[in-house]
Structure formats: structure tokens, C-alpha cells
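A.B. asks: quick one, what's the 3D model for this:
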Amino acid sequence: MTRQVALLRGINLARNNRVDMARLRALVQDLGYERVRTHLQSGNIVFTAAATPPERVAHDIEEQLRLHLGLSVPVVVRSRDELAEILGRKPLPDAEIDPARFLVVFLSASADPAALRELGPAAFEPDRFWVDGREIFQWHPNGVRNTKLTNTFWEKHLQVTATARNWNTVTRLLELADE
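C.D. replies: Next comes the predicted model:
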């Protein structure tokens, strides 16, 4: 049994894709997962599962949302150990100054290097980004509100599902996974 974290893309934003967290927990428990917890209202689920591949877990949760709530919501899953490894990378030390401006974008698959080469980092300044495997680390010194580096931007350019969480949230998700 392993602790896993499911990150739902784009729920409870304004009036879009409204999901009650108690209902979400129940749907995940109905899949046979245990010790299900949610964090915030933005689709962060921590749970215990058998050695099920993350892609299968993501698919099963997506299917539950579609069947029971009528929502088409992409899901990205990482194990507790993967989350700890991500937090251990710390590619930008000055991000610790304001972790709310430092994001981790979780991708459903590794980014295509050819697609990444087409993106000139200077076009996004003062925002900065680093791609590392299935994660993109982003620093937004002026805040995240007006950045061009959105989930939709990454999905369009990389042809993968992308969902971002700030450093505070990622840290809290690991804490929940460890409880």
C-alpha cells in the first residue's frame, strides 16, 4: 500500500466544475482507496492505494467524476515519494522568500524536448521556468495572476495535462501524505 496524491485540474474555480470535498472523498473511497483526505477546495486528494499504476488511478478518478458528477476533469497522480523528491529539488533557492509565487506544474507525461526548445524563456520575463521530467518549476516575482505560463499554455504547447500548485500547497500535501 502506498500513499498517493491526486491533483484535479480546474475544479472549484469561480463557478466552474463545482465539487464538494466530502462528495469527492466518497467517490475516491468508492474506488477502494483508503485514508482519503482532501486539502483546500481545489482538488487535492491524498489517499492510500495498492500498487496501482498512477495512470490507472488517474483514469479511475476521472471516470468516477464523469459517471457520478458529469464532469470531465483531468487528474494527475504522484506518489508520496515522488512528492518528497520534487520538494527536495528546490531548483530556485530564492523562491523560499515567497513560496506562494513559486509553482510546481505537474504534467501527465514528460515534456517533449523539441516542444520545449521552441519556447524562449526571455519571452516570459520576469517569470522564469525550469522543466525537470514531469514537473515544471515556475517563479513569478510579481505574482501569478498575470503570468502567461498557465496550465492551458503548457497543455497547448506540450500536449499533456498540466495542473499547478504553489510550493506551500505541495509542502502541505506531503505533510498530509505522511500523517
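
A.B. asks: so where is the protein shaky, pLDDT-wise?
C.D. replies: 12-16, 93-96 (pLDDT under 70).

A.B. asks: what's the biggest helix by length in the chain packed up against?
C.D. replies: For the chain, the helix with the greatest residue count under DSSP state H is helix 54-69. Counting contacts by 3 or more Cβ pairs under 8 Å, 6 or more residues apart in numbering; DSSP states H and E, helix 54-69 packs against strand 2-8, helix 21-30, strand 75-79. In this view, the C-beta of every residue, glycine as well, is placed from N, C-alpha and C.

A.B. asks: and the contacts of the last one?
C.D. replies: The reference is to strand 75-79. The contact list for strand 75-79 (Cβ atoms under 8 Å, 6 or more residues apart in numbering) reads 2-9, 54-55, 57-59, 61-62, 65, 86, 106-108, 161-163.

A.B. asks: can you select the buried ones among the residues you listed for me in ChimeraX?
C.D. replies: To isolate the buried subset of these in ChimeraX, counting by 16 or more other Cβ atoms under 10 Å, use the following:
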select :3,4,5,6,7,8,9,54,57,58,61,62,65,86,106,107,108,161,162,163
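
A.B. asks: surely R23 meets L65?
C.D. replies: No: using Cβ atoms under 8 Å, R23 makes no contact with L65, being 10.0 Å away.

A.B. asks: for the two, list the residues in contact with both.
C.D. replies: What both R23 and L65 touch, as defined by Cβ under 8 Å, 6+ apart, is an empty set.

A.B. asks: any chance of the helices and strands packed on helix 54-69 in a markdown table, plus distance to N44?
C.D. replies: A markdown table is the format used below for the helices and strands packed on helix 54-69 (distance: least, Cβ to Cβ, whole Å):
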| stretch | distance to N44 |
| --- | --- |
| strand 2-8 | 6 |
| helix 21-30 | 9 |
| strand 75-79 | 11 |
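
A.B. asks: closest to L92 out of those?
C.D. replies: Evaluated with Cβ to Cβ, the helices and strands packed on helix 54-69 place strand 75-79 nearest to L92, the distance being 19.8 Å.
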